[in-house]
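Participant: predicted coordinates and the sequence they were generated for:
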Amino acid sequence: DAGVIQSPRHEVTEMGQEVTLRCKPISGHNSLFWYRQTMMRGLELLIYFNNNVPIDDSGMPEDRFSAKMPNASFSTLKIQPSEPRDSAVYFCASGAIASGGVSGNTIYFGEGSWLTVV
Amino acid sequence: AQSVAQPEDQVKVAEGNPLTVKCTYSVSGNPYLFWYVQYPNRGLQFLLKYITGDNLVKGSYGFEAEFNKSQTSFHLKKPSALVSDSALYFCAVRDTGSARQLTFGSGTQLTVLP
């Protein structure tokens, strides 16, 4: 299995530009998660999809952030406009989670997208 | 509500010595507990989990963890540390009584000294 695939691995962009991060979950997994990791705040859950439907987006920091999952094999996290404080590592993770949401199943992480906004 | 605490930001041990990385949790129901490891510039890798059954769980790379319900703990252990075990370790919890997703601890940086 190829695992969770994220792109780009590294991105440097100027403040005000649009940033799009991409994720391909593990085939057969029905749940997808976007996390952000920073030194100050640790690992934060931004949004969670189940069967391509956003279930919990309470972690999305503000309206500049949006996420979509048009099909079971692809998701995007978009930041528009980007700001220096958005600099972080963004992780995508996937798992096989029951629709009720309660599961002991493991979620698996991608290698992350390292974003720097200057 | 669910939460997890990793009381030590850093743990240092000598190679060959046993290591322990501490984790305590709080849930309203019963917990599902996980350990992940993150090497520099990499994503989080799954190590092991407790769902039910035997309190001692064995995982990858010789790691194990013991679930202690009375102390609400799930400490990660390894009998003999390797320099290559040096990494950032995360404990995570999911409450079986709610639909909330994994909550991660703040992480513990393990350094194994040669």
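Facilitator: Good, I have the coordinates.

Participant: quick one: end-to-end length of stretch A:40-55, please.
Facilitator: One end of stretch A:40-55 to the other measures 26 Å (Cα to Cα, to the nearest Å).

Participant: is it anywhere near chain B?
Facilitator: Yes: Stretch A:40-55 reaches chain B (Cβ under 8 Å from any Cβ of the partner chain) through A:G42, A:L43, A:L45, A:Y48. For every residue, glycine as well, the C-beta is placed using N, CA and C.

Participant: put the buried members of the residues you listed into a ChimeraX selection.
Facilitator: With 16 or more other Cβ atoms under 10 Å in any protein chain shown as the criterion, this ChimeraX line picks the buried residues out of the residues of stretch A:40-55 next to chain B:
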select /A:43,45,48
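
Participant: CSV please, covering the residues of stretch A:40-55 next to chain B and showing secondary structure.
Facilitator: Shown next, in CSV, are the residues of stretch A:40-55 next to chain B (DSSP: H, G, I helix; E, B strand; the rest coil):
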residue, secondary structure
A:G42, strand
A:L43, strand
A:L45, strand
A:Y48, strand
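
Participant: could you dump the residues of stretch A:40-55 next to chain B into a markdown table and include pLDDT?
Facilitator: Putting the residues of stretch A:40-55 next to chain B into a markdown table (pLDDT from 0 to 100) gives the following:
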| residue | pLDDT |
| --- | --- |
| A:G42 | 90 |
| A:L43 | 93 |
| A:L45 | 92 |
| A:Y48 | 91 |
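
Participant: tell me which of the residues of stretch A:40-55 next to chain B is nearest to A:F65?
Facilitator: A:F65 lies nearest to A:L45 out of these, by Cβ to Cβ, at 12.7 Å.

Participant: tell me which residues form a beta bridge with B:S3?
Facilitator: B:S26 (DSSP bridges).

Participant: so which bits of chain B are right by chain A?
Facilitator: So chain B meets chain A at B:32, B:34, B:36, B:41-46, B:49, B:51-52, B:90, B:94, B:96-102, B:104-107 (Cβ under 8 Å from any Cβ).

Participant: how near is A:Y90 to chain B?
Facilitator: 11 Å (Cβ to the nearest Cβ, to the nearest Å).

Participant: go ahead and confirm that residue touches A:E111.
Facilitator: No: if you go by Cβ atoms under 8 Å, A:Y90 and A:E111 don't touch, sitting 10.9 Å apart.

Participant: the more surrounded of those two?
Facilitator: Between A:Y90 and A:E111, counting by other Cβ atoms under 10 Å in any protein chain shown, A:Y90 is the more crowded of the two (22 against 18).

Participant: can you point out the buried residues in stretch B:56-73?
Facilitator: For stretch B:56-73, using 16+ other Cβ under 10 Å, the buried residues are B:V57, B:G59, B:F63, B:E64, B:A65, B:E66, B:F67, B:T72, B:S73.

Participant: give me the distance between the two termini of it.
Facilitator: For stretch B:56-73, the first-to-last residue distance is 12 Å (Cα to Cα).

Participant: again with stretch A:58-66
Facilitator: 12 Å.

Participant: one more: stretch B:75-86?
Facilitator: End to end - Cα to Cα - stretch B:75-86 spans 17 Å.

Participant: residues making contact with that stretch?
Facilitator: Stretch B:75-86 has contacts (Cβ atoms under 8 Å, 6 or more residues apart in numbering or on different chains) with B:13-23, B:35, B:47, B:61-66, B:68, B:89, B:91, B:110-114.
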